[in-house]
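> Here is my input; please provide its structure:
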Amino acid sequence: MVAVSGPDPAKPQVLCIGLPQGAVEQISRILDNDVVLTKAADAHAAISTLTSMASQQITMSAAAPIDVRAVTSRVLLDHGGRRALAEGRDLRLSPREFDLLTLLHDHPGHAWSYEELSNRVWHQPYLGDPDTIATAVRRLRKRLGPASSVEIAALRGFGYRLDILDDAAEIAS
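Presented below is the predicted three-dimensional model:
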């Protein structure tokens with residue numbers, strides 16, 4: 001997703017790339033219709049849409065009020081509002097859970113040690129007890145739900161990794 005400012009700065013435009021129509025409608029409802037949503041099937045369609053917007057004097061805004069990034073087609077992170085959405089529902093994450101999901105999302109497939117997670121998310125040195133991290137991961141997994149398109153894999157004796165499951169079939173539908 002890309003936020004752009006249009007003719008009405010009070011109502012920014014959000015370009016949704018690769019999301020099914022139902023997801024776009026859910027995002028619109030969640031954001032209380034405070035934005036104009038435009039759907040693009042893929043990167044090529046998005047470039048075409050952005051080119052068209054540029055020709056209409058619509059400029060990209062570096063300080064867009066809504067900063068939503070797709071984790072997958074079904075999990076979204078709203079960094080500006082510090083909330084996460086899965087299948088269109090607000091996960092209501094704690095600040096630590098949001099920071100943990102954000103860190104894992106920004107580096108899918110990366111193996112994070114307990115020490116790295118403690119330093120980067122809790123801003124504390126790791127003292128050898130993984131229980132705090134394990135509890136946060138357990139709560140995050142529960143909030144994401146079993147049908148989530150992401151999986152937080154435990155790496156025994158080391159830490160965790162975020163795996164994005166193949167949801168290409170869902171995007172095509």
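> buried sites along whichever strand or helix holds residue 24?
Assigned by DSSP states H and E, residue 24 belongs to helix 21-30. By neighbour count on 16 or more other C-beta atoms under 10 Å, the buried set for helix 21-30 is 23, 24, 26, 27, 28, 30. For the C-beta atoms, the positions are set from N, CA and C on the backbone; glycine is no exception.
> So which residues of this structure form helices?
For the chain, the helices defined by DSSP state H cover 21-30, 43-55, 95-106, 114-117, 131-144, 168-172.
> by contact count, what packs against the first one?
Helix 21-30 makes packing contacts with strand 13-17, strand 36-40, strand 83-86 when contacts are defined by 3 or more C-beta pairs under 8 Å, 6 or more residues apart in numbering; DSSP states H and E.
> give me that answer again for 6 Å
Contacts defined by 3 or more C-beta pairs under 6 Å, 6 or more residues apart in numbering; DSSP states H and E place helix 21-30 against strand 36-40.
> quick check: mean pLDDT across the strand it packs on?
Averaging pLDDT along strand 36-40 yields 69.
> Lowest mean pLDDT across the helices of the chain, which one is that?
The bottom spot among those, by mean pLDDT, belongs to helix 168-172, with a mean of 37.
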